[in-house]
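Student: Structure, please.
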Amino acid sequence: MSKFTYNMLNKVMKRSLLIVALAVVAAACDNTNTKNTSQQATVEEQVAADATDLFGKEWKLIELSGKAIQLDTTFNKEPHLIFNEETNRLNGNGGCNNFMGSFELKEGGGIELSQAGATMMACPNLELEGQFFDALEQTKSYRIEGNNLFLDNGKNEDLAKLTTE
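Tutor: Here you go, the predicted structure:
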């Protein structure tokens, strides 16, 4: 394993642990349970309806931070993401390395992605893959518009745009 690949994997693991820790702290501090039961049911129904559009599709990465990605011949595969409804697992490819993890859907279009592992192949163009992995780590919510999936950092800033087309 190259030092670069090891450092990249180490960086991904540290960020993942930080994100999980911050999510736990945020969840523990959230005491704003002021919605009534009918409002909660409506939100849960909407999340369930939106979530069904998430599954059974290969979401191909087309933009990162609002900029179209450029794939060339150095990419083994198209960067993509697949959500499995039955297991709450996700898998995909960053353009070089396969990855897998889990997800948890939250109220109001929230989502928590946890990357459990990735292959460690050395490829000529790992910068885009690293940016894709960073976007997945920072994702706090999602929305689906037509054939497009937007991953958001929770501050109304799109981190990634994926499509099924």
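Student: On the strand side of things, show who residue 58 bridges to.
Tutor: Beta bridges link residue 58 to residue 82, judged by DSSP bridges.
Student: Let me see the ranges of the helices in this protein.
Tutor: For the chain, the helices defined by DSSP state H cover 3-29, 37-52, 127-138.
Student: Dump the C-alpha coordinates for the last one into CSV.
Tutor: Backbone C-alpha positions of helix 127-138 (Å, rounded to 0.1, in the frame of the first residue of the first chain) are rendered in CSV as follows:
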residue,chain,number,x,y,z
GLU,A,127,-8.3,13.7,-6.5
LEU,A,128,-11.9,13.5,-7.7
GLU,A,129,-12.4,10.3,-5.7
GLY,A,130,-11.1,12.0,-2.6
GLN,A,131,-13.5,15.0,-3.2
PHE,A,132,-16.4,12.6,-3.7
PHE,A,133,-15.6,10.8,-0.4
ASP,A,134,-15.3,14.1,1.4
ALA,A,135,-18.7,15.2,0.1
LEU,A,136,-20.2,11.9,1.3
GLU,A,137,-18.7,12.5,4.8
GLN,A,138,-20.2,16.0,5.0
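Student: So which other helices or strands are in contact with that helix?
Tutor: helix 3-29, strand 58-64, strand 111-118, strand 158-163 (3 or more C-beta pairs under 8 Å, 6 or more residues apart in numbering; DSSP states H and E). Every residue, glycine included, has its C-beta placed from N, CA and C.
Student: can you pull the buried residues of the last one?
Tutor: When you say that, I think you mean strand 158-163. 159, 160, 161, 162, 163 (16 or more other C-beta atoms under 10 Å).
Student: next one: stretch 91-102
Tutor: Burial within stretch 91-102, assessed by neighbour count using 16+ other C-beta under 10 Å, is assigned to 92, 93, 94, 95, 96, 97, 99, 101.
Student: just stretch 126-144 next, same as before
Tutor: Neighbour-count burial for stretch 126-144, counted by 16+ other C-beta under 10 Å, picks out 126, 128-129, 131-142, 144.
Student: avg pLDDT for that stretch?
Tutor: The predicted model assigns stretch 126-144 a mean pLDDT of 94.
Student: go on, stretch 156-163?
Tutor: On average, the pLDDT along stretch 156-163 is 96.
Student: Please list the residues outside that stretch that contact it.
Tutor: Counting contacts by C-beta atoms under 8 Å, 6 or more residues apart in numbering, the residues outside stretch 156-163 that touch it are 59-66, 80-81, 132, 135-136, 138-139, 147-153.
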